[in-house]
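Novice: One predicted model, sequence on top.
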Amino acid sequence: MKMLLLLLATSLCLAQNIVLDNRTAYPSPDPKSEMAIQWAGTAKEVEDDNIALMHGMKQNPDSLQPVQTRGKVPISSTLKAAYFRVLVWTKDSESPDLHTSWIQIAPDTTYILNTDDLVPSVLISGSGC
């Protein structure tokens, strides 16, 4: 039992806390609208996630953390995360419709998310050009 408590305490201490100041209209009240933080620990994970997005593939659910409200949202990153981006689904599909660029995590920082920061995901593959 002591070991379990030690592991829990260690994981909480090592997690990086950030605040997302969500100034967008997402997630909207529409039940098909979803927003999530996607975490990546390495440049390879960033590349793999970009390829999945580029080809309209489903995102790795283990790398996603739902964002369910607007305004200031306190978030604890996963232990291995070095980067994050925001993904938005506006309709019922496997691939997100909007995303932000990847951001390197700086602990105890507030990140402001404006609507202009969200880019249509179709542009990542060049299809929207």
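Specialist: Structure received.

Novice: Nearest residue to the middle of this protein?
Specialist: residue 37 (1.6 Å; Cα atoms, centre = their mean).

Novice: Now do the phi/psi pair for that residue.
Specialist: phi -90, psi 130 (degrees, to the nearest 10).

Novice: For this protein, which segments count as strands?
Specialist: 17-22, 34-40, 64-66, 71-76, 83-89, 98-99, 103-104, 110-113, 119-120 (DSSP state E).

Novice: how about those in a markdown table, adding mean pLDDT?
Specialist: A markdown table is the format used below for the strands of the chain (pLDDT from 0 to 100):
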| stretch | mean pLDDT |
| --- | --- |
| strand 17-22 | 96 |
| strand 34-40 | 96 |
| strand 64-66 | 95 |
| strand 71-76 | 95 |
| strand 83-89 | 96 |
| strand 98-99 | 96 |
| strand 103-104 | 96 |
| strand 110-113 | 97 |
| strand 119-120 | 93 |
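
Novice: related to what we said a few turns ago, looking at strand pairing, list the partners for the residue nearest to the centre of the chain.
Specialist: Taking DSSP bridges, one finds residue 65, residue 86 as the beta-bridge partners of residue 37.

Novice: wouldn't it be in contact with residue 86 here?
Specialist: Yes - at 6.1 Å, residue 37 counts as touching residue 86 under the criterion of Cβ atoms under 8 Å. Heads up, the C-betas are built off the backbone N, CA and C, glycines and all.

Novice: shared neighbours of the two, anything?
Specialist: 20, 67 (Cβ atoms under 8 Å, 6 or more residues apart in numbering).

Novice: Of the strands of the chain, which is nearest residue 52?
Specialist: Closest to residue 52 of the strands of the chain is strand 34-40 (Cβ to Cβ; 10.0 Å).
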